[in-house]
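Here is a sequence with its predicted model. Questions after.
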Amino acid sequence: MAKKSTKLESNLKVTEIYGRLTKGQSRQRILRDCSELWGCSERQIETYLARARTLIEKDCEMSRPAFLAECLAGIRDVRGSASRRGQHQVELNAIRLMSELVGLTSS
């Protein structure tokens, strides 16, 4: 019988599976890889999968203004990075996208 994971270890496993799900990995691949990685049973990994999916659902339960703010913050990061690198076209595209998102222009 495998040793029981601590709460921290379980949370790290759920976080790892969360990342794999958001990157589009299949259930079968996650089961196989995580079983090999952690020596867990399929049943235990299914429990981690369920917890990870619950986290994804909670992340998607945001309001439109909150999502818009998150998108704009991400685009600001891209814009700043492009500016530092002298990538003026990328910076301009970021500004255009921000304008579209807030309704100043249409696509």
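Happy to help now that I have it. Not measured: the values here are computed from a predicted model.

Just give me the longest helix of the chain.
Secondary structure of the chain read by DSSP state H shows that its longest helix is helix 64-85.

can you tell me the average pLDDT over that helix?
Summarised as a single mean, pLDDT over helix 64-85 is 95.

Tell me the buried residues in the next helix or strand after that helix?
Tracing the chain C-terminally past helix 64-85 and defining elements by DSSP states H and E, one meets helix 88-102 next. Burial within helix 88-102, assessed by neighbour count using 16 or more other Cβ atoms under 10 Å, is assigned to 91, 94, 97-98. For every residue, glycine as well, the C-beta is placed using N, CA and C.

can you list these in CSV and add pLDDT and distance to R76?
Converted to CSV, these look like this (pLDDT from 0 to 100; distance: Cβ to Cβ, whole Å):
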residue, pLDDT, distance to R76
E91, 97, 11
A94, 97, 8
L97, 96, 11
M98, 96, 8
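
on that earlier part again, just name whatever secondary elements the longest helix of the chain is in contact with.
helix 88-102 (3 or more Cβ pairs under 8 Å, 6 or more residues apart in numbering; DSSP states H and E).

Direction-wise, compare the helix it packs on with helix 64-85 and give the angle.
170 degrees (axes from the mean of the first three to the mean of the last three Cα atoms, to 10 degrees).
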